[in-house]
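>>> Quick one: sequence plus predicted model below, questions after.
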Amino acid sequence: MNKERVKLEIKEMIIQECEKDEFKPGDIKDDIELFSPNSGLDLDSLDALAISMGLQKRYGVRLGDSKEFRRTVTTVDKLADYIINEQNG
């Protein structure tokens, strides 16, 4: 799996699942915490759930509850690593 491709797909999915149509994938930095004010995305626990469900649908990976998700997978980089590791078993 190509990490850069996975990161782009994650960004596109975040925009779609969280209805953040005002953003483009390039607006989301790879190393900024997604649920921090620094991301500019204004994501909340419902968004975490939407992202988690989107990841399960697209990649077949399951994440814990939204609080665990927000603690474990904090950036696009870490999320891509998680997906790649899960896919490679």
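Okay, I see it.

>>> Name the helix or strand for residue 19, please.
Using DSSP states H and E, residue 19 maps to neither a helix nor a strand.

>>> ok, now residue 81?
Per DSSP H and E: helix 76-88 holds residue 81.

>>> Would you mind listing the buried residues in that helix?
76-77, 79-80, 82-83 (16 or more other CB atoms under 10 Å). C-beta here means a position set from N, CA and C on the backbone, and glycine is covered the same way.

>>> Export these as a markdown table, with columns for pLDDT and distance to residue 44.
Output for the buried residues of helix 76-88, formatted as a markdown table (pLDDT from 0 to 100; distance: CB to CB, whole Å):
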| residue | pLDDT | distance to residue 44 |
| --- | --- | --- |
| 76 | 95 | 18 |
| 77 | 95 | 21 |
| 79 | 90 | 17 |
| 80 | 94 | 22 |
| 82 | 87 | 21 |
| 83 | 90 | 22 |
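
>>> quick one: contacts for the closest residue to residue 79 other than its chain neighbours?
Nearest non-adjacent residue to residue 79, counting by CB to CB, 6 or more residues apart in numbering: residue 73, 4.6 Å away. Going by CB atoms under 8 Å, 6 or more residues apart in numbering, residue 73 touches 34, 63, 79, 82.

>>> ok, and the closest non-adjacent residue to the first one?
Yep, that's residue 34 we're talking about. Counting by CB to CB, 6+ apart, the residue nearest residue 34 is residue 43, at 5.9 Å.

>>> Can you give me the separation between the one you found and residue 60?
Residue 43 sits 23 Å away from residue 60 when distances are taken as CB to CB, to the nearest Å.
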